[in-house]
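Pasting the sequence and the predicted coordinates here, then a few questions.
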Amino acid sequence: MTQLRVLFFGKLADLAGAERPIDSHGLTDVASAIAVLTDAMPAIAPLLHPEICRYVLDQQIVPAGAPLAGASELAFLPPVSGG
Amino acid sequence: MSVAVRIATGPFDPEAELAAFRARLGDAGALASFTGLMRDDGGQAQQLELQHYPGFTEAEIARFAQKTVERFGLIGVLIIHRVGMMGPRDAIVLVAAAATHRRAAFDGCDCLMDYLKSAAPLWKREHRADGAVWIEPTKQDQADRARWLAD
């Protein structure tokens, strides 16, 4: 089993937990990981929409079509606010 | 002199940090700084929680700070942002920008703060007597940030 460490922040972490490993065997790109996650947790689907969520694969911002290609960490960043 | 970015997991002393930054500066003629403090909103706000993505948040802020140094011709930038739980009057953020002349220092500091408020990978939650709520940038925050994207 190939594991992908999935990280959630902000209100996403309230719904999904801060961290969740998924089996990435057979997954091709970020979008396929999103499909697995939203199947398991339908409540987070609206928050993973590309218009409001940024995807970060092994610390690089990527589009939904980015291949997982052996990556070990996928993070979902909901709308931000600091300062 | 260049860019220093730190995520503070506990309280920090903005005056001491600023003095240390000033001591390291070269031939700067201007040093502008901003300190963000937690308000208690007349006793309503009890605690403020800030989350970050370790590694990524520091790297993203440093990348933006480097671009800001180049854009305004700054001599140095210091950014310290607190994360975790904090209470009223705690310092949340310190931004300092040093330059040869004042306009670049003011603008650099202002631009960096607008980025931190509405674009840096940080998540802020207010814990109040009636529950906890995630904060999103206001229209004013967005408009403030847009000033720097227009040109």
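Looks like it arrived, so ask away. Numbers count the residues shown, from 1 in each chain, chains lettered A, B, ... in the order given.

In chain B, which residue sits furthest out from the middle?
The C-alpha centroid of chain B is most remote from residue B:130, which lies 27.9 Å away (CA atoms, centre = their mean).

neighbours of residue B:48, just the number please.
As a burial measure, residue B:48 scores 21 neighbours (other CB atoms under 10 Å in any protein chain shown). All C-beta spots, glycine's among them, are computed from the backbone N, C-alpha and C.

partners of it in the sheet?
With DSSP bridges applied, residue B:48 shows beta-bridge pairing to residue B:86, residue B:126.

quick one, what contacts it?
For residue B:48, the contacting residues are B:38, B:85, B:86, B:87, B:90, B:92, B:124, B:125, B:126, B:127, by CB atoms under 8 Å, 6 or more residues apart in numbering or on different chains.

which residues touch the second one?
In this case it means residue B:85. Counting by CB under 8 Å, 6+ apart, residue B:85 has contacts B:47, B:48, B:49, B:127.

same thing with residue A:44?
Here residue A:44 is in contact with A:8, A:12, A:15, A:16, A:37, A:38 (CB under 8 Å, 6+ apart).

Go through the residues you listed and say which is closest to chain B.
residue A:12 (9.0 Å; CB to the nearest CB).

Low-confidence ranges, chain B, go.
In the prediction, chain B carries residues with pLDDT under 70 at positions B:1, B:151.

Next to chain A, which bits of it? Give me the list.
When proximity is defined by CB under 8 Å from any CB of the partner chain, chain B lies next to chain A at B:36, B:50-51, B:53, B:55-56, B:59, B:81, B:92-93, B:113, B:116-125, B:134-137, B:141.

and residue A:27, which of the three is it?
coil (DSSP: H, G, I helix; E, B strand; the rest coil).

Next, find the distance separating it from residue B:38.
Noted for residue A:27: a distance of 42 Å to residue B:38, by CB to CB, to the nearest Å.

residues touching residue 22, list them.
Assuming you mean chain A. Applying CB under 8 Å, 6+ apart, the residues contacting residue A:22 are A:3, A:4, A:6, A:33, A:36, A:37.

My question was about chain B, not that one.
Residue B:22 neighbours (CB under 8 Å, 6+ apart): B:31, B:98.

Alright, calling it a day.
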